[in-house]
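> Build the 3D model from these lines:
(chains A and B)
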Amino acid sequence: ETGVTQSPTHLIKTRGQQVTLRCSSQSGHNTVSWYQQALGQGPQFIFQYYREEENGRGNFPPRFSGLQFPNYSSELNVNALELDDSALYLCASSPKTGRSNTEAFFGQGTRLTVV
Amino acid sequence: SQKIEQNSEALNIQEGKTATLTCNYTNYSPAYLQWYRQDPGRGPVFLLLIRENEKEKRKERLKVTFDTTLKQSLFHITASQPADSATYLCARPVSGNTPLVFGKGTRLSVIA
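A predicted model of the protein is given here:
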């Protein structure tokens, strides 16, 4: 296990609703990234947080937003859910050590189904 | 944009053989490439990182190569076992450190 925990593990929402997913990063890691993984695809980068500030964003609309807290845990919020938002949402933490090469430690993911 | 292509969606091999998975990238060479293993319904697990100035990296039965001329990385599993069956993902950084751009993955099935 990586020490990155996500909640909930599974979630079913109705189109148009809002959802909040949560992630606790590995101890000592101050950088959290969120990814969306559709079935049969690789993870797609949503955004990254470093020391409570957004530090990069992928090609996702503004209804995808996030937060990082002082303890480096993080939330992903999605408003106005669409059917295509159904996917596995992954959180990954990494240490921002200043080195250029660091592995990402992923949580087990939250499976979101929008009906 | 930076892209990662894993050409084989699925690969079936017999137990004991060497599995070879391919990852191709576009545009400039990344500072490094990473390989992950993902089991169904789980998050990816980091396996190996290889820097652009390294030709080859090994870890137990795993070997990764990085060819900047071909813009390609090869991932080998020697003496494959049924427990190696999983999806293997190749990833490169967008710039510098994270975030990562992932390929679609190759689903490996090792048949006993």
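> Setting aside sequence neighbours, what's the nearest residue to residue A:10?
Excluding the flanking residues, the one nearest residue A:10 by CB to CB, 6 or more residues apart in numbering or on different chains is residue A:111, at 4.8 Å. C-beta here means a position set from N, CA and C on the backbone, and glycine is covered the same way.
> so that neighbour sits right up against residue B:41, yeah?
Yes: using CB atoms under 8 Å, residue A:111 is in contact with residue B:41, at 7.1 Å.
> any residues in contact with both of the two?
residue A:88 (CB atoms under 8 Å, 6 or more residues apart in numbering or on different chains).
> Settle it for me: which of these two has more neighbours?
Applying other CB atoms under 10 Å in any protein chain shown to residue A:111 and residue B:41 shows that residue A:111 carries more neighbours, namely 16 against 11.
> check contacts around the more buried one.
A:9, A:10, A:11, A:88, A:89, B:41.
> burial measure for the residue lying closest to residue A:8 once chain neighbours are set aside, as a count.
Spatial nearest neighbour of residue A:8, chain neighbours left out: residue A:110 (6.1 Å); criterion: CB to CB, 6+ apart. Number of residues near residue A:110 (other CB under 10 Å) recorded here: 21.
> May I have the beta-bridge partners of residue A:13?
In this entry, residue A:13 is beta-bridged to residue A:114, by DSSP bridges.
> Surely it and residue A:113 touch.
Yes: with contact defined as CB under 8 Å, residue A:13 counts as touching residue A:113 (7.4 Å).
> Comparing these two, which shows the higher neighbour count?
For residue A:13 versus residue A:113, the count of surrounding residues by other CB under 10 Å is larger for residue A:13: 16 against 12.
> Please list all residues in contact with the more buried one.
Residue A:13 neighbours (CB under 8 Å, 6+ apart): A:19, A:81, A:112, A:113, A:114, A:115.
> Show me what residue B:37 is bridged to.
Legend: beta-bridge partners of residue B:37 under DSSP bridges are residue B:45, residue B:88.
> Tell me if I'm right that it and residue B:44 touch.
Yes: using CB under 8 Å, residue B:37 makes contact with residue B:44 at a distance of 6.9 Å.
> got any ranges where chain B has weak pLDDT?
B:1, B:95-98 (pLDDT under 70).
> try it again with 90
Counting by pLDDT under 90, chain B shows low-confidence ranges at B:1-5, B:7-9, B:26-32, B:41, B:52, B:55, B:93-100.
> need the strands for it, in chain order.
B:4-5, B:10-14, B:19-25, B:32-38, B:45-51, B:56-59, B:62-67, B:72-77, B:86-93, B:100-102, B:106-111 (DSSP state E).
> Run through the neighbouring helices and strands of the first one.
For strand B:4-5, the helices and strands in contact under the criterion 3 or more CB pairs under 8 Å, 6 or more residues apart in numbering or on different chains; DSSP states H and E are strand B:19-25, strand B:86-93.
> For the first one, list every residue counted as buried.
Burial within strand B:19-25, assessed by neighbour count using 16 or more other CB atoms under 10 Å in any protein chain shown, is assigned to B:19, B:20, B:21, B:22, B:23, B:24, B:25.
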